[in-house]
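Undergrad: give me the fold of what follows.
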Amino acid sequence: MLIPVLVGSLFFMKMNLERKCLYSTGIADVVLTAENMLKYGIDVEANPLIHLIAENVHYLPALILTKVFATSCLEYLLEKKPKVGSSLSYFASTVWGTGAGLNLYLYLQ
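TA: Sure thing, here's the model as predicted:
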């Protein structure tokens, strides 16, 4: 149990603040959304793209694929246009953090 925590902390130490916020809120959002979709069904998801993929495939690949795609786009912007990428990363972190908070609230009900 200690080894993944150490590897994860070393991974995050080399990141700048934009990436730390982006990845931590993204992971929290995926985990909590997956828990709620398991508990309440796929109708909990408000994003129509994720909902469509979850209906046809499964909710976990839907969540992971869309989050990886969004994160990849933001990573590209962080490399090519640092100011735009930084602003959008903070915006995505805010949105994903809000989603994670709402999912946590729903999960605790």
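
Undergrad: per-residue pLDDT, Phe11?
TA: You'll see Phe11 listed with a pLDDT of 60.

Undergrad: list the buried residues of stretch 80-93.
TA: For stretch 80-93, burial by neighbour count (16 or more other C-beta atoms under 10 Å) applies to Gly85, Ser86, Leu88, Ser89, Ala92, Ser93. All C-beta atoms are positioned from the backbone trio N, CA, C, and that covers glycine.

Undergrad: my read: the first one touches Cys73, true?
TA: It stands for Gly85. No. Shown here, Gly85 and Cys73 do not form a contact pair, counting by C-beta atoms under 8 Å, at 9.3 Å.

Undergrad: tell me the one among the buried residues of stretch 80-93 nearest to His58.
TA: Nearest to His58 among the buried residues of stretch 80-93, counting by C-beta to C-beta, is Ala92 at 23.9 Å.

Undergrad: pLDDT at the most centrally placed residue in the chain, what is it?
TA: A centroid search over the chain (C-alpha atoms, centre = their mean) returns Gly26, at 2.1 Å, as the residue closest to the centre. Predicted confidence (pLDDT) for Gly26: 91.

Undergrad: is it true that it touches Thr71?
TA: Yes. Using C-beta under 8 Å, Gly26 makes contact with Thr71 at a distance of 6.0 Å.

Undergrad: rewinding a little: helix or strand for the residue nearest to the centre of the chain, just tell me which one.
TA: helix 17-40 (DSSP states H and E).

Undergrad: export that helix to CSV, keeping only CA atoms.
TA: Extracted in CSV, the C-alpha atoms of helix 17-40 (Å, rounded to 0.1, in the frame of the first residue of the first chain):
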residue,chain,number,x,y,z
LEU,A,17,0.6,23.6,-10.2
GLU,A,18,-1.6,23.5,-13.3
ARG,A,19,-1.0,19.8,-13.8
LYS,A,20,-1.3,19.0,-10.1
CYS,A,21,-4.7,20.6,-10.0
LEU,A,22,-5.8,19.1,-13.3
TYR,A,23,-4.8,15.5,-12.5
SER,A,24,-6.0,15.5,-8.8
THR,A,25,-9.4,16.9,-9.6
GLY,A,26,-9.7,14.7,-12.7
ILE,A,27,-8.9,11.5,-10.7
ALA,A,28,-11.3,12.5,-7.9
ASP,A,29,-14.1,13.3,-10.4
VAL,A,30,-13.7,9.9,-12.2
VAL,A,31,-13.6,7.9,-9.0
LEU,A,32,-16.6,9.5,-7.4
THR,A,33,-18.6,9.6,-10.6
ALA,A,34,-17.9,5.9,-11.1
GLU,A,35,-19.0,5.1,-7.5
ASN,A,36,-22.2,7.0,-8.0
MET,A,37,-22.9,5.4,-11.4
LEU,A,38,-22.4,2.0,-9.8
LYS,A,39,-24.7,2.9,-6.9
TYR,A,40,-27.4,4.8,-8.7
